[in-house]
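Peer 1: okay, predicted coordinates and the sequence, questions at the end:
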Amino acid sequence: MRDFVLFAHIILGLALIAFPIVIILYLKKQTNWIKPLSFATAAISWILLLPAGKLYITFYPATKTLIKAGAWPWAHSIIMETKEHWGLLLPIIATLATGLVFTGKAKESKKWWILTIVLSILLGVMGRIVKVGALQ
Amino acid sequence: MTKFNFYLGAAASAWLLAILVIIAELVEPFKTLLKDIFMHHWIGKGVLITLAFLAVGFLLKNKTSLGKIPDDKLAWYSVLGSLIVIFLFFAVEFLK
């Protein structure tokens, strides 16, 4: 169960890096699949909250105990606390970018797609730091 | 006429999240209240900022600025500001 949720979390997170990159590359070409792909990206950003929430609420408390007792307590107190809340803004940002694509403001959506990519990468890196923090 | 203001909805969500994070950490009964209502404080914050996004986006759909600040700039700096405030808050709380 935990592995399935974790893989879903990682795969959906990677999609939030890959899809916006494709969208940015084809933003100026006005291709007819940009809107569906943008919609799919926004939908994924919301769906991602399900495995993220399951991991955080059900499985993370044991990891948290390990981290706080170890040499890297900041991995929870700063990194995980920040990560869990930054993650809540990710679907808002992706939905805003998608909304701009759908309302004829594709050019204006570019920086929001870049923010989606950067934030997704940061969340992934932070997740890795938390994982390593539990082993210290 | 637009049907939804994504910029102002996002700006409202961003600042509400920063406020909820700080209050929940500093006022324990508030965190408990979120937990009692939504099963977990994280779920509570997620539900509340989503409602704020939808409510403000619909209610202010005809606005293109707040005061003299254009809605696109307001959204951009609000989201970046919220992300920075949240990180700094937890860093300061840990270090003090």
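Peer 2: That came through, no problem.
Peer 1: which one is A:Ala8 nearest to, not counting chain neighbours?
Peer 2: Distances taken as C-beta to C-beta, 6 or more residues apart in numbering or on different chains place A:Pro51 nearest to A:Ala8, at 4.4 Å, with adjacent residues excluded. The C-beta positions use only the backbone N, C-alpha and C, and glycine is treated the same way.
Peer 1: hang on, that neighbour packs against A:Ile11?
Peer 2: No - with contact defined as C-beta atoms under 8 Å, A:Pro51 does not count as touching A:Ile11 (9.1 Å).
Peer 1: quick one, which of the two is more surrounded?
Peer 2: Per other C-beta atoms under 10 Å in any protein chain shown, whichever of A:Pro51 and A:Ile11 has more neighbours is A:Pro51, with 19 against 12.
Peer 1: ok, now how distant is the more buried one from chain B?
Peer 2: Look at A:Pro51 and chain B: by C-beta to the nearest C-beta, to the nearest Å, they are 14 Å apart.
Peer 1: do A:Tyr60 as well
Peer 2: 10 Å.
Peer 1: for A:Leu89, same thing?
Peer 2: A:Leu89 is 6 Å from chain B, where distance means C-beta to the nearest C-beta.
Peer 1: number of residues surrounding that residue?
Peer 2: 24.
Peer 1: repeat for A:Ala62
Peer 2: Using other C-beta under 10 Å, A:Ala62 is surrounded by 10 other residues.
Peer 1: on that earlier part again, which residues touch the residue nearest to A:Ala8?
Peer 2: Going by C-beta atoms under 8 Å, 6 or more residues apart in numbering or on different chains, A:Pro51 touches A:Val5, A:Leu6, A:Ala8, A:His9, A:Leu12.
Peer 1: what sits up against the host helix or strand of the third one?
Peer 2: Counting by DSSP states H and E, the element that carries A:Ala8 is helix A:2-26. With C-beta under 8 Å, 6+ apart as the test, helix A:2-26 has contacts from A:34, A:37-38, A:40-41, A:44-45, A:47-48, A:51-52, A:54-55, A:59, A:90, A:94, A:97, A:101, A:110, A:113-114, A:116-117, A:120-121, A:123-124.
Peer 1: what element comes up after it heading to the C-terminus?
Peer 2: Sequence order places helix A:34-47 as the next helix or strand after helix A:2-26, per DSSP H and E.
Peer 1: quick one: list the elements packing against that following helix.
Peer 2: Judged by 3 or more C-beta pairs under 8 Å, 6 or more residues apart in numbering or on different chains; DSSP states H and E, the packing partners of helix A:34-47 are helix A:2-26, helix A:81-102, helix A:106-133.
Peer 1: so which of the ones you listed gets nearest B:Phe90?
Peer 2: For these, the distance to B:Phe90 is smallest for helix A:81-102, at 4.4 Å, taking C-beta to C-beta.
Peer 1: which elements pack onto that closest one?
Peer 2: helix A:2-26, helix A:34-47, helix A:49-54, helix A:106-133, helix B:6-26, helix B:41-59, helix B:71-95.
Peer 1: hmm, try it at 6 Å
Peer 2: helix A:34-47, helix A:106-133, helix B:6-26, helix B:41-59, helix B:71-95 (3 or more C-beta pairs under 6 Å, 6 or more residues apart in numbering or on different chains; DSSP states H and E).
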